[in-house]
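Asker: build me a model:
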Amino acid sequence: MTAEGDLEYRLHVPDGVADGLPVVVLLHGRGSDETSLLGLAPRLAGAIVVAPRAPFEAEPWGYGPGWAWYRYLGGTRPEQAGFDESLARLDSFLATLPAALPVVPGELVLGGFSQGGTVSLAYALTRPGTVRRVINMSGFVPDHPAVTVTPATVAGTRFFWGHGTDDPQIPFAFAEEGRGALEAAGADLRRGDYHTGHRITADELRDIQDWLRP
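Answerer: Predicted coordinates:
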């Protein structure tokens, strides 16, 4: 475990690493940590996988012993100050990450599960063009004054949005609303609907693999 840009993280470098490999940065959900999504690395063959730890302890907010990206206020609303801090910390992390990698990185892919998916979407929408691909697994478009879904904020970014149709924590209706907004703005969006709850399925991982292919 190392620290970069003020966030702890873990790194998976595949065999035969070379300049130009894509870098997939995966953000975990609330109450978890940087190890939770690292197990997806073998399913993302040919990519460097980076898993940072969220900056806030989750326990004071009742989310368990792990870490969180923001305090959840209900619906699609995050607490603004903490959410903004996480985006700023992610800015610093991504800016300094290339120098910490063993090769010259290729395309940057930002994604995550639950809170991590929500933060990934918000990062791309508030910093248009910074991230070319976004993977949102069971997150939502946050109700936040800086997060807007417009032709300008989605231009140049491809989105994958997978969601469980029976998700009891982040309702599927949030996915339908958010995806609809992205598509109305002209986003390049691939949908993935899975007959499951708040989890990542093998079918979703296969769809992500297919979507990541050049």
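Asker: which positions in the longest helix along the chain come out as buried?
Answerer: Across the chain, the longest stretch assigned as helix under DSSP state H is helix 80-100. For helix 80-100, a neighbour-count test (16 or more other CB atoms under 10 Å) marks Gln80, Gly82, Phe83, Asp84, Ser86, Leu87, Arg89, Leu90, Phe93, Leu94, Leu97 as buried. All C-beta atoms are positioned from the backbone trio N, CA, C, and that covers glycine.
Asker: not counting its neighbours along the chain, what's nearest the fourth one?
Answerer: Beyond its immediate neighbours in the sequence, the residue positioned closest to Asp84 (CB to CB, 6 or more residues apart in numbering) is Ala146, lying 7.6 Å away.
Asker: mind listing what that neighbour touches?
Answerer: Contacts for Ala146 (CB atoms under 8 Å, 6 or more residues apart in numbering) come out as Asp84, Ala122, Thr126.
Asker: just Asn136 next, same as before
Answerer: Asn136 makes contacts with Gly111, Gly112, Gly117, Thr118, Ser120, Leu121, Phe159, Phe160, Trp161, Gly162, as judged by CB under 8 Å, 6+ apart.
Asker: right, and the helix or strand after the helix or strand of the chain with the lowest mean pLDDT?
Answerer: Using mean pLDDT, DSSP states H and E, strand 2-4 stands out as the lowest-scoring helix or strand of the chain, at a mean of 54. Note on strand 2-4: by DSSP states H and E, the next helix or strand toward the C-terminus is strand 7-12.
Asker: dihedrals phi and psi, the residue lying closest to Gly31 once chain neighbours are set aside?
Answerer: Closest residue to Gly31 apart from its sequence neighbours, by CB to CB, 6+ apart: Gly64 at 3.5 Å. Here the main-chain torsion angles of Gly64 (degrees, to the nearest 10) amount to phi 100, psi -170.
Asker: ok, now which ones touch Gly64?
Answerer: Applying CB under 8 Å, 6+ apart, we find Gly64 in contact with Arg30, Gly31, Ala58.
Asker: give me that answer again for 10 Å
Answerer: By CB atoms under 10 Å, 6 or more residues apart in numbering, Gly64 lies in contact with Arg30, Gly31, Ser32, Ala58.
Asker: what kind of secondary structure is the first one in?
Answerer: State at Arg30, reduced to three classes by DSSP: H, G, I helix; E, B strand; the rest coil: coil.
Asker: number of residues surrounding it?
Answerer: 24 (other CB atoms under 10 Å).
Asker: just to revisit the earlier point, how about the buried residues of helix 80-100 in CSV, adding pLDDT?
Answerer: Listed next are those as CSV, based on pLDDT from 0 to 100:
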residue, pLDDT
Gln80, 97
Gly82, 97
Phe83, 98
Asp84, 97
Ser86, 97
Leu87, 97
Arg89, 95
Leu90, 96
Phe93, 95
Leu94, 95
Leu97, 94
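Asker: which one of these is nearest Thr150?
Answerer: Nearest to Thr150 among the buried residues of helix 80-100 is Leu87, at 18.0 Å by CB to CB.
Asker: skipping adjacent residues, who's closest to the closest one in space?
Answerer: Setting aside the residues directly before and after it, Leu87 is nearest to Tyr123 in space (CB to CB, 6+ apart), at 5.9 Å.
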